[in-house]
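**Q** Build me a model from this:
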Amino acid sequence: MAPGLLFPLQHTSPDTVVPFGELVMSGLAGRLWLGQSVLTETHQTIAYLAGRGIRVPCGLSVTLMPLRHPMEAAVQARSLAALTGRPVVAGYGAATPDLVRALRGAPYHRPAAAAAGYARAVRAFLDGGTVEHACEACVATTGLPPMHHPPVEVGLGVIRPGMARAAGAVADVAITWMTPPHYVRDTLLPALAAGAAGRGTPPRVATVVHVALAGPGRDPRRLAHSAAADHLRAPHYTDMLRRAGVPADPADPRAGAAALVEAGVYVYGTPEEVVERLHGYREAGVDEIILNLAGVAGTEGFRAALADAECLLHAMADADE
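**A** Numbers count the residues shown, from 1 in each chain. Take a look at the predicted model:
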């Protein structure tokens, strides 16, 4: 599968996303991914691109479950498929306990079970018929009228074994973030397979990888901190990294950023060095590598991030020939 390309930051104008969509249209990348945005909303951004003629496969990595009911999530996802005429990966995440509490009054008691229930409900709405569903995340006793559209895969954000087992049972795609290759191979893939034991085929794996090209004046630790500081303050991400052997303390995100660089989780180097490191994700069983240029975008702007992305995508295509 061709690598995916993530638009790396929240934005206030969808015009800033246009060059990234055009790069996907060129065929170098297989899918344009966008994360949750509370500035210009993600689904509406992709719809805007479609209206501009940029109709490409897209992925949501990830939108947050507490923000919308699964029926609305299904409507939004299949609308994007219809508007773009291309497949969609609709990825969802449970959000932090603090955000869930702020929106629902209390955090999920069992986030993995809630996420599995949510994904199951979205899939049921997409598949048609009456949905009879109740879980911690949602209740539904209705359905959607049938509609023809390109395929929509339902994804779940996965970084630890419990969520991987839950995703294995219900999701089409497991979307991982900052997960080292050996951790995907040795920890997440077995958990996905265990969760999928009752259904046969486990979800395919799409992994978001921080990347940047080496260049004059660039400090990879500064780039990594710019890209990942918020995640490096989050207990669930730092717990995952420690499980993977990467020392990370939510109280010290700068040290965590240095650890990401040292461990190669923040992939930095020449095009050849970056491509070689990314090949390790393929060998570990990752189906779709998603390039995240957030560090470059945050320190040097979108134009520099796009230039890195184009160079790396060409290098990856050359390596595959």
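**Q** Could I get the CA-only coordinates of whichever strand or helix holds Pro190 as PDB?
**A** Per DSSP states H and E: Pro190 is located in helix 189-195. Only the C-alpha atoms of helix 189-195 are listed here, as PDB (Å, rounded to 0.1, in the frame of the first residue of the first chain):
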ATOM      1  CA  LEU A 189      -0.200  -7.300  16.400                       C
ATOM      2  CA  PRO A 190      -0.600 -10.200  18.800                       C
ATOM      3  CA  ALA A 191      -3.300  -8.300  20.800                       C
ATOM      4  CA  LEU A 192      -5.100  -7.400  17.500                       C
ATOM      5  CA  ALA A 193      -5.000 -11.100  16.500                       C
ATOM      6  CA  ALA A 194      -6.400 -12.100  19.900                       C
ATOM      7  CA  GLY A 195      -9.200  -9.700  19.700                       C
END
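**Q** which is the next helix or strand following that helix?
**A** Next in sequence after helix 189-195, counting helices and strands by DSSP H and E, comes strand 204-213.
**Q** which other helices and strands contact that following strand?
**A** strand 58-64, strand 173-177, helix 220-232, strand 266-269, helix 271-284, strand 288-292, helix 294-300, helix 302-320 (3 or more C-beta pairs under 8 Å, 6 or more residues apart in numbering; DSSP states H and E). From N, CA and C alone the C-beta is placed, and that goes for glycine too.
**Q** Next, format those as TSV and append mean neighbour count, distance to Gly157 and mean pLDDT.
**A** Below are the helices and strands packed on strand 204-213 laid out as TSV (neighbours: other C-beta atoms under 10 Å; distance: least, C-beta to C-beta, whole Å; pLDDT from 0 to 100):
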stretch	mean neighbour count	distance to Gly157	mean pLDDT
strand 58-64	25	4	96
strand 173-177	26	5	98
helix 220-232	21	12	97
strand 266-269	22	19	98
helix 271-284	17	17	98
strand 288-292	25	12	98
helix 294-300	22	16	97
helix 302-320	18	22	96
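**Q** and Tyr48, which of these is closest to it?
**A** In terms of C-beta to C-beta, the element of those nearest to Tyr48 is strand 58-64, at 11.9 Å.
**Q** Which residues does the closest residue in space to Val286 that isn't next to it in sequence form beta bridges with?
**A** Nearest non-adjacent residue to Val286, counting by C-beta to C-beta, 6 or more residues apart in numbering: Thr207, 4.6 Å away. Beta-bridge partners for Thr207, by DSSP bridges, are Thr176, Ile289.
**Q** Would you mind measuring from Thr207 to His109?
**A** Here the criterion is C-beta to C-beta, to the nearest Å. By it, Thr207 lies 28 Å from His109.
**Q** Those two - which one has more neighbours?
**A** Counted by other C-beta atoms under 10 Å, Thr207 and His109 do not tie: Thr207 has more neighbours, with 27 against 8.
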